[in-house]
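Engineer: Show me how the following folds:
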Amino acid sequence: MRERMKRYFRSERSQGLTEFAIIAPVLLLLTFGIIDFGRALYLYITLQQAANEGARVAVRASYFIDPSGASHNWPKNTDVQAATQGHAVAVLLANPCPNGPIPNGGIAQGSPQKPPPNSGWVFITDPSAAGNGTPNAPRGQLPYNPPPAGCNEAVAADGNQPLKVTLWYTFQPITPIIQQVVGNNFVITAYAVYRAEYSN
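Structural biologist: Reported below is the predicted structural model:
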């Protein structure tokens, strides 16, 4: 009787290990999927807040001191980029064409031009989707001489004209299977449009 009981419990243990071996990959996939979803949601919220902060800096008209210690009344592209980067601390942001155009007519998915994985771009433009109109820069921004290749010339806003700050960030999931499902170059976008508060 005792031998029969030992065999029974040993077989139960083996069955539990077999079931766990079958279920473990699914549990791990779900766990890492939840982690990737949480990372993506965190990045979206962070980028949206950074876009709002950048747009707020772009349109303000008060006396302020920029990160380099210089004081002035009118913001520049560098002030907007510093504000967005300061708010999105864990995110690497740059601006290849700070004043547009935004690639692919402003549609990130399917765009041939995207930020490198786990980094982003900042655009300060007019409120159109493609960012091809004017004005497309804060009031303190001087025109480029010449503008970077393929980029729009900076035309400073005046009065109460609207400006838009757009952020593109290429999110790379850490789970290989999820990378295959959603793609390795999933672009998270965020933007904010504010009207300038410049006094003429």
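
Engineer: Centre of the chain to the strand or helix carrying A58, how far?
Structural biologist: Element membership of A58 [criterion: DSSP states H and E] is helix 2-59. Centroid displacement of helix 2-59 relative to its chain, using C-alpha atoms, centre = their mean, to the nearest Å, is 24 Å.

Engineer: That helix packs against which elements?
Structural biologist: helix 77-87, strand 120-125, strand 162-171, helix 176-182, strand 186-195 (3 or more C-beta pairs under 8 Å, 6 or more residues apart in numbering; DSSP states H and E). C-beta coordinates here come from the backbone N, C-alpha and C atoms, glycine included.

Engineer: What lies in contact with the first one?
Structural biologist: When contacts are taken as C-beta atoms under 8 Å, 6 or more residues apart in numbering, the neighbours of helix 77-87 outside the stretch itself are 46, 49-51, 53-58, 66-67, 91, 93-95, 98-99, 122, 124, 137-138, 140-141, 154, 165, 167.

Engineer: Derive a ChimeraX selection command for the buried subset of these.
Structural biologist: Here is the ChimeraX command that selects the buried residues among the contacts of helix 77-87 (16 or more other C-beta atoms under 10 Å):
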select :46,50,51,53,54,55,56,57,58,66,91,93,95,98,99,122,124,137,138,140,141,154,165,167
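
Engineer: Lowest mean pLDDT among the helices and strands, pick that one out for this protein.
Structural biologist: Lowest by mean pLDDT, DSSP states H and E among the helices and strands of the chain is strand 64-65, with a mean of 66.

Engineer: Comparing the helices and strands packed on helix 2-59 by mean pLDDT, which bottoms out?
Structural biologist: Sorting those by mean pLDDT places helix 176-182 lowest, at a mean of 76.

Engineer: Check which residues of that one are buried.
Structural biologist: Neighbour-count burial for helix 176-182 flags I178 (criterion: 16+ other C-beta under 10 Å).

Engineer: going forward can the numbers begin at 655, since that is how I track them
Structural biologist: OK, 655 is where the count begins now, so the last one is helix 830-836.

Engineer: which residues are contacting it?
Structural biologist: For helix 830-836, with C-beta under 8 Å, 6+ apart as the criterion, the contacting residues are 683, 686-687, 690, 826-827.

Engineer: which ones are touching G794?
Structural biologist: 726-730, 733, 810.

Engineer: Out of the residues you listed, list just those in helices.
Structural biologist: Those of the contacts of G794 mapping onto helices are D733, per DSSP state H.
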